[in-house]
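[1] got a predicted structure plus its sequence, pasted below:
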Amino acid sequence: TYCFVFYFKMAARQILSQRNVFAGTLTRFSFASTTLNSETTCSVYVPRAAAKDNIPALYWLSGLTCNDMNFVEKAGAFQAAAQHRMALVIPDTSPRGENVPNVSDRYDLGQGAGFYVDATEAPWSEHFNMRSFITQELPDVLADEQFKISKELRSISGHSMGGHGALSIALEDKGETWASVSAFSPIVAPTQVQWGKDAFETYLGSVEAGKAYDATELVLANGPCPELGTILIDQGMDDEFLNTQLKTNLFADACKQVGQQKQINMRPGYDHSYYFISTFIHEHVAHAAKAIRQRKRKSKSPFISTSISLPETTGEIIQCKGMVAHKPKEPLVCETINVAPPKAGEVRVKVVANALCHTDVYTWEGSDPEGLFPCILGHEAGAIVESVGEGVTSVKPGDHVVPAYTPQCNQPECIFCNSPKTNLCPSIRSTQGQGVMPDGTSRISLQDGTAINHFMGCSTMAEYAVLAEISCAKISKEAPLDKMSLFGCGLSTGLGAAWRTCKVSVGSSVAVFGLGAVGLSVIQAAKMSGARRIFAIDVNPDKFAAAVASGATDCIDSLSLEEGETIVSRLVKETTWGVDYTFDCTGSTKVMRDALEAAHRGWGESCVIGVAASGQEISTRPFQLVTGRVWKGTAFGGWKSRSEVPILVDRYLDGDFEIDQYVTHEFYGVENTNLAFDALHSGNCLRAVVIY
């Protein structure tokens, strides 16, 4: 969607145009390059949901005869970049201008054919220094206050001549400053094909000098390059240049010789054009985003060091800070509480961070019929095991865990744990609902000895907590515990609703009602599952940018429908027969009904995620079910906590998906938990994490 075009001058940079596209801004600008000794043009796309600074980016290098606009107008990469919250940097392919040398009768030399080298021969050496421009000057230009593009978190890709440039730049660098490299139809061995030979003889004086820019030669000399991970190449098998100018097999053989990881997709029926690129560009964006996320995590040590020394408190009562909820709707009070040692089958943990969930607020407001006071709320947390009770074998002091309000006993006689159909282990459900540990007593008390009720088997709004062993999901120590708190409830619930409970299928349509953290994680999971169309529905349009960045294709403000239109009729109109999968993330029984009735006739599935207020009931006409719709619900996304939360954490560490965007507010010190409540009520908070 193009919103406005304008022209102005800012310092030495001339902004040629700015356009809104896929929840982001595409800026085209020119500036006087000191490396190229000429004016040059570049396009930069930045998603609105990207980081506030140090924005990760994918650099794209185009092919012969192209400029930046070929990729901008034909590749269709913006939605994928928005989904991954990653900028796109698209420079020109050469210096240009009246004073820049050119070969008027050649498309493969001169302007539009810079070959991403630093020329050494006259008259080219004054201007044709694209290698230094891409690797040095341009990153410096883009790191300024306007774009804030990271110089560390970046990947590179390209097509044809640009594929040669991307591969050779990354392999020359050995992955030190580039997280990954990919290419479409690259010239992989330019010293062995005519395009490359002519370019190197012209710009460098000899083909031999071109070996320093030859990807096949570089991988043999520098490979393997583990920092680059897997090199991704897509090559069309109907490409007219495959056997004469590209020769993909030469690079494949070189990678095999040195053990360089590679994924070369030979695509039947595809040629050398942007039709080919636009078909698979989303895979290259995802490849770059995953590598950048992995590099970002490697560059940051976990929030809590794996070598942390816990105080020697085994077997003793620990006095610590805890946020006590004495009565509904009254501010929590930071008090010194007693946390008793764990008994048999129990684990005491040091809570590192706690994320505030709407379920905590639901109980604090007095809406939960099982809500007991006084209590310590909190159930989304990251923690470290301090000590264990008798018989505990699955965790030990020092282990990192995510407390789980949905336990997993794994006992042979538990038909729930042994069934793949559910995660609803009932082994401690009765005592958990009564605010006590499995033996019927509490481990938390005030200084005067008054017992404090446990909450959801967790009570993590305190510096220490006691959990049942079967409520401890042991996770990798590489994972930052402040972020891992999200896996304790909301994030896991949303991901699991789409992946596990409903199993959203490729090419399907999805509608998500309510765009909080749970709703956005449903959208994220649906997009990753290959959903073709994803409707994001909310009464607050300010949430739509985050929804689009998560993967939504359509955003609907349910308060701004046309006269006589309902959200059900709108969705049915948009899809003819309804939506394949619908998800309620609001807790409103009316919305639950709307979600069901908007589901596809014959096979639509509607999943209830939101928790309704006490005493509320759902209703619909039986005809809605008779005509093939399925109404279901999910708790914790259907995940078995102890066995499957660690897998989710590992997937996060592997870069399969991003979660940092859900943490919109951070506070420090358990005593500031009330500030998290204020943030959640502000309307612009997804998750507020309190770091102890």
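    Alright, I've got the coordinates.

[2] only C-alpha atoms for contact and neighbour calcs from this point on.
    Will do.

[3] what's the burial count for the closest residue in space to Arg443 that isn't next to it in sequence?
    Once flanking residues are discounted, Arg443 sits nearest to Ala340: 5.0 Å by Cα to Cα, 6 or more residues apart in numbering. As a burial measure, Ala340 scores 19 neighbours (other Cα atoms under 10 Å).

[4] how about Phe184?
    Applying other Cα under 10 Å, we find 30 other residues in the vicinity of Phe184.

[5] which residues sit in contact with it?
    By Cα atoms under 8 Å, 6 or more residues apart in numbering, the residues touching Phe184 are 157-160, 163, 233-235, 277.

[6] got CSV for the residues you listed, with distance to Ile691 and secondary structure too?
    Shown next, in CSV, are the contacts of Phe184 (distance: Cα to Cα, whole Å; DSSP: H, G, I helix; E, B strand; the rest coil):
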residue, distance to Ile691, secondary structure
Ser157, 38, strand
Gly158, 42, strand
His159, 45, strand
Ser160, 48, coil
Gly163, 44, helix
Ile233, 42, strand
Asp234, 44, strand
Gln235, 48, strand
Ile277, 44, helix
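
[7] looking at this protein, which helix or strand is least sure?
    One helix or strand of the chain scores below all others by mean pLDDT, DSSP states H and E: strand 8-10, with a mean of 37.

[8] just the strands in the stretch 451-600 of the chain please.
    Using DSSP state E, counting those that start in this stretch, the strands found in the stretch 451-600 of the chain span residues 451-452, 464-468, 472-475, 509-513, 533-538, 554-557, 581-584.

[9] go on, the stretch 301-450 of the chain?
    318-325, 333-339, 346-355, 375-376, 380-388, 400-403, 444-445.

[10] about what we covered before: pretty sure the residue nearest to Arg443 contacts Thr314?
    No - using Cα atoms under 8 Å as the test, Ala340 is too far from Thr314 to be in contact (10.0 Å).

[11] what is the end-to-end distance of stretch 577-588?
    Start-to-end span of stretch 577-588 (Cα to Cα, to the nearest Å) is 24 Å.

[12] what's the nearest residue to Gly158 if we skip its chain neighbours?
    Distances taken as Cα to Cα, 6+ apart place Leu61 nearest to Gly158, at 4.4 Å, with adjacent residues excluded.

[13] my guess is that neighbour meets Leu167, correct?
    No - applying Cα under 8 Å, one finds Leu61 not in contact with Leu167, separated by 10.3 Å.

[14] who touches both of those two?
    The contact lists of Leu61 and Leu167 share Ser157, where a contact means Cα under 8 Å, 6+ apart.

[15] greatest separation within the contacts of Phe184: which pair is it?
    Comparing all pairs in the contacts of Phe184 by Cα to Cα, the longest separation belongs to Ser157 and Gln235, at 13.5 Å.

[16] between these two, point out the one with more neighbours.
    Ser157 (28 against 25).

[17] quick check: that one vs Tyr203, distance?
    23 Å.

[18] how much space between the residue positioned nearest the centre of the chain and Ala81?
    Nearest to the mean C-alpha position of the chain, by Cα atoms, centre = their mean, lies Glu658 at 2.1 Å. According to Cα to Cα, Glu658 and Ala81 sit 13 Å apart.

[19] ok, Ile415 next?
    Relative to Ala81, and taking Cα to Cα, Ile415 is found at 44 Å.

[20] repeat for Thr620
    Going from Thr620 to Ala81 by Cα to Cα gives 40 Å.

[21] which of these two has more neighbours?
    Ala81 (27 against 13).

[22] which SS class is the more buried one?
    helix (DSSP: H, G, I helix; E, B strand; the rest coil).

[23] test my guess that it contacts Ala87.
    Yes - Ala81 lies in contact with Ala87 (Cα under 8 Å); the separation is 6.5 Å.

[24] what touches both of these two?
    Taking Cα under 8 Å, 6+ apart as the criterion, Ala81 and Ala87 both touch Pro47.

[25] shaky segments in the stretch 201-350 of the chain?
    Low-confidence segments of the stretch 201-350 of the chain, defined by pLDDT under 70: 299-310.

[26] now do the helices in it.
    215-222, 248-258, 274-299 (DSSP state H, counting those that start in this stretch).

[27] the shortest one packs against which elements?
    Judged by 3 or more Cα pairs under 8 Å, 6 or more residues apart in numbering; DSSP states H and E, helix 215-222 is in contact with helix 161-173, helix 248-258.

[28] pretty sure Val548 is touching Val21, no?
    No - using Cα under 8 Å, Val548 makes no contact with Val21, being 10.8 Å away.

[29] okay, those two: which has more neighbours?
    More crowded of Val548 and Val21, by other Cα under 10 Å: Val548, with 27 against 17.

[30] so what's that one up against?
    Taking Cα under 8 Å, 6+ apart as the test, what Val548 contacts is 22-23, 82-83, 554-555.

[31] for the residue nearest to the centre of the chain, which three-state class applies?
    coil.

[32] return the backbone torsion pair for it.
    According to degrees, to the nearest 10, the main-chain angles of Glu658 amount to phi -100, psi 150.

[33] so it touches Tyr652, yeah?
    Yes - in terms of Cα under 8 Å, Glu658 counts as a neighbour of Tyr652; the distance is 6.7 Å.

[34] how many neighbours does Arg131 have?
    If you count neighbours by other Cα under 10 Å, Arg131 ends up with 21.

[35] A strand includes it, no?
    No - counting by three-state DSSP, Arg131 is not part of a strand but helix.

[36] got a pLDDT number for it?
    At Arg131, the predicted lDDT confidence score is 98.

[37] wait, what's in contact with it?
    116-118, 169.

[38] do Gly494 as well
    517-522, 525, 637.

[39] JSON lines for these, including pLDDT?
    JSON lines is the format used below for the contacts of Gly494 (pLDDT from 0 to 100):
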{"residue": "Ala517", "pLDDT": "95"}
{"residue": "Val518", "pLDDT": "97"}
{"residue": "Gly519", "pLDDT": "97"}
{"residue": "Leu520", "pLDDT": "97"}
{"residue": "Ser521", "pLDDT": "97"}
{"residue": "Val522", "pLDDT": "98"}
{"residue": "Ala525", "pLDDT": "95"}
{"residue": "Gly637", "pLDDT": "98"}
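
[40] fine by me, thanks again.
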